[in-house]
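Chemist: here is the input, now give the coordinates:
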Amino acid sequence: MDEGRFNIFTIDPDGRGLRQLTAGQGNNEDPCWYVNGRHLMFSSSREGGFHIYLMNANGQNQRRITAFKGEQTSPSWSP
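Modeler: Numbers count the residues shown, from 1 in each chain. Purely as a prediction, here's the structure:
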């Protein structure tokens, strides 16, 4: 949690390299890595209700990928 909102961060296994990937846009929760480690899916309330978003592993190119009614949370990749 950062400034009263949930955000997504990464950190190196040795505890260094803390990097914030989301900021100032609603609550961003439930990140899920793609098997190749290049993308993350997550749920966000940045446009009101929760929807699923996709971004590059470095936090760039964040884009909404669901447009259904209701709340979409807890994304998961499937084979």
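
Chemist: quick one: the strands in this structure?
Modeler: Assigned by DSSP state E, the chain shows strands spanning 9-10, 19-20, 28-33, 39-44, 51-56, 63-64.

Chemist: would you mind giving those as CSV with distance to Trp77 added?
Modeler: From N, CA and C alone the C-beta is placed, and that goes for glycine too. Listed next are these as CSV, based on distance: least, Cβ to Cβ, whole Å:
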stretch, distance to Trp77
strand 9-10, 17
strand 19-20, 21
strand 28-33, 6
strand 39-44, 7
strand 51-56, 11
strand 63-64, 16
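
Chemist: and those as CSV, adding mean neighbour count?
Modeler: Formatted as CSV, the strands of the chain follow (neighbours: other Cβ atoms under 10 Å):
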stretch, mean neighbour count
strand 9-10, 14
strand 19-20, 12
strand 28-33, 18
strand 39-44, 22
strand 51-56, 19
strand 63-64, 10
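
Chemist: residue nearest the centroid of the protein?
Modeler: Nearest to the geometric centre of the chain sits Phe42, at 3.4 Å (Cα atoms, centre = their mean).

Chemist: what's the closest non-adjacent residue to that residue?
Modeler: The spatial neighbour of Phe42 that comes closest, neighbours along the chain excluded (Cβ to Cβ, 6 or more residues apart in numbering), is Pro31 at 4.5 Å.

Chemist: for that neighbour, what are its contacts?
Modeler: Counting by Cβ atoms under 8 Å, 6 or more residues apart in numbering, Pro31 touches 8, 40-42.
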